[in-house]
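Student: can't give you the sequence, but here's the structure:
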């Protein structure tokens, strides 16, 4: 057979398979979507392009996607693993009707989908005993998701960790079901695939960090409060601002210290109007010798919004000292703003390393469904300066780390008093 004819037959065969195989159709569609992103265009070239092609070819013939829904999702997610772009989001689309009320949850538990959810094959009591003996500094061990359920995380292969439900107080999670998969790509850094705590749909977390005996990025929208997977349950969360904290706030907290909190730089009409009114109200109010600027859990947003606060702080540093509170919830434009402010005089950063998702972004918040209609990707369409890629995944370290055992504002005040 002539080579050209053989290749034609191969491509025709693959094309026919893709038409009848939802997995192959989704895989091809996801690759096509990713190839349009700025992160793919700037990162996947040369040697990386050859490696990516090899990955895609392997996934084309990987039959594990037929085993269960997790393998299907995992194979698709592997196309995103090589990209350093933490604004990309990929998840299974949940059927929210299954979780609207207790009656529907009870019905869902009887379905084949629920019964086929990935399970641990082994003795749970033995696993629990072995993990209870692990050091708190080890990634392996027993984690709590609030008071709702606990998960035993163990090393299942050279670079892979699996988390199994050990105890559960919620009906959607049963003992033995697998809630966590971690794939290590650097020390204490992981690609994570989670089952959502409330609706169990699979979600990719492109950068997960193990720090302070917790998985820092295991927050979930529409879940149970502000919980994350942690080995110890804190009595009070001093690291994060409460979800109901004001988006914009200025108050006097000591004779020579003011406190300024900014939780968002989003440019939608409502936030833009509130931000503009707030800035106008405080333009002559920064009078103390020291200012605590709280950027914890700042969700980022638009450069044009952040720039207004940079100007405010730049003018203030001509006469006063600024102490910026940052944490793992400080992300995107808030991280970029932090880097810009660190170049000014009289600036110190305090707290925790930021999330590390600042190299790319999305102007339009575009989401695309894969052909099966079971999965969706949040697509990035903008690229920030190349130097910011050094902070992607890693984040920005504070000048002074704060501990998690006491009030961060009080810790900041003590630091200011000593200077």
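Tutor: Here it is on my side, so go on. Source: prediction; values computed, not measured.

Student: please make it C-alpha for all contacts and neighbour counts, starting now.
Tutor: Noted.

Student: apart from its neighbours in sequence, what residue is nearest residue 198?
Tutor: Closest residue to residue 198 apart from its sequence neighbours, by C-alpha to C-alpha, 6 or more residues apart in numbering: residue 223 at 5.7 Å.

Student: A helix includes that neighbour, no?
Tutor: No - secondary structure of residue 223 (DSSP: H, G, I helix; E, B strand; the rest coil): coil, not part of a helix.

Student: tally of neighbours for it?
Tutor: Using other C-alpha atoms under 10 Å, residue 223 has 12 neighbouring residues.

Student: then residue 275?
Tutor: Neighbours around residue 275, by other C-alpha under 10 Å: 22.

Student: before we move on, back to that, the residue nearest to residue 198 against residue 200, yeah?
Tutor: No - using C-alpha atoms under 8 Å, residue 223 is not in contact with residue 200, being 10.5 Å away.

Student: helix, strand, or coil at the residue lying closest to residue 336 once chain neighbours are set aside?
Tutor: Excluding the flanking residues, the one nearest residue 336 by C-alpha to C-alpha, 6+ apart is residue 358, at 6.7 Å. Reducing the assignment at residue 358 to three states with three-state DSSP gives coil.

Student: so who does residue 405 touch?
Tutor: Listed by C-alpha atoms under 8 Å, 6 or more residues apart in numbering, the contact set of residue 405 reads residue 238.

Student: give me the distance between it and residue 237.
Tutor: Counting by C-alpha to C-alpha, to the nearest Å, the separation of residue 405 from residue 237 is 8 Å.

Student: please apply the same query to residue 210.
Tutor: Taking C-alpha to C-alpha, one finds residue 210 at 17 Å from residue 237.

Student: how about residue 251?
Tutor: 21 Å.

Student: what does residue 261 give?
Tutor: As judged by C-alpha to C-alpha, residue 261 and residue 237 stand 17 Å apart.

Student: over to residue 95?
Tutor: Taking C-alpha to C-alpha, one finds residue 95 at 32 Å from residue 237.

Student: could you do residue 113 as well?
Tutor: Residue 113 is 36 Å from residue 237, by C-alpha to C-alpha.

Student: do residue 308 as well
Tutor: Look at residue 308 and residue 237: by C-alpha to C-alpha, they are 30 Å apart.

Student: equivalent analysis for residue 165, please.
Tutor: 24 Å.

Student: the two: who's more crowded?
Tutor: residue 165 (25 against 16).

Student: find the residue closest to that one in space, skipping its chain neighbours.
Tutor: Of all residues not flanking residue 165 in the chain, residue 151 sits nearest, at 4.3 Å (C-alpha to C-alpha, 6+ apart).

Student: I'd like the next helix or strand past the helix or strand encompassing the one you found.
Tutor: Per DSSP states H and E, residue 151 falls inside strand 149-157. Tracing the chain past strand 149-157, the next element assigned as helix or strand by DSSP H and E is strand 160-168.

Student: quick one: strands adjacent to that following strand?
Tutor: Strand 160-168 sits in its sheet next to strand 149-157 (antiparallel), strand 178-186 (antiparallel), going by DSSP bridges.

Student: show me what contacts the nearest residue to residue 43 once chain neighbours are set aside?
Tutor: Spatially, and ignoring its direct neighbours in sequence, residue 43 is nearest to residue 83 (7.1 Å; C-alpha to C-alpha, 6+ apart). Residue 83 sits next to 39, 40, 43, 44 when contact means C-alpha under 8 Å, 6+ apart.

Student: so the first one makes contact with residue 360?
Tutor: Just to be clear, that refers to residue 39. Yes - using C-alpha under 8 Å, residue 39 is in contact with residue 360, at 7.3 Å.

Student: shared neighbours of the two, anything?
Tutor: 85, 383.

Student: sitting in helices, which of the contacts of residue 83 do you find?
Tutor: Counted as lying in helices by DSSP state H, out of those, are 39, 40, 43.

Student: filter those residues down to the buried ones.
Tutor: Among the ones in helices among the contacts of residue 83, those classed as buried by 16 or more other C-alpha atoms under 10 Å are 39, 40.

Student: closest one to residue 184 out of the ones in helices among the contacts of residue 83, please.
Tutor: Nearest to residue 184 among the ones in helices among the contacts of residue 83 is residue 43, at 19.9 Å by C-alpha to C-alpha.

Student: OK, contacts around residue 337?
Tutor: Contacts of residue 337 (C-alpha under 8 Å, 6+ apart): 306, 307, 310.

Student: from these, list the buried ones, please.
Tutor: Buried among the contacts of residue 337 by 16+ other C-alpha under 10 Å: residue 306.

Student: how about the contacts of residue 337 in CSV, adding secondary structure and pLDDT?
Tutor: Shown next, in CSV, are those (DSSP: H, G, I helix; E, B strand; the rest coil; pLDDT from 0 to 100):
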residue, secondary structure, pLDDT
306, helix, 96
307, helix, 96
310, helix, 97
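
Student: can I get the contacts of residue 337 in TSV with distance to residue 181?
Tutor: Output for the contacts of residue 337, formatted as TSV (distance: C-alpha to C-alpha, whole Å):
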residue	distance to residue 181
306	36
307	39
310	40
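
Student: circling back to that earlier point, what about the residue nearest to residue 198, distance to residue 145?
Tutor: Residue 223 is 11 Å from residue 145, where distance means C-alpha to C-alpha.

Student: again with residue 260
Tutor: 31 Å.

Student: what does residue 135 give?
Tutor: Taken as C-alpha to C-alpha, the span from residue 135 to residue 145 is 19 Å.
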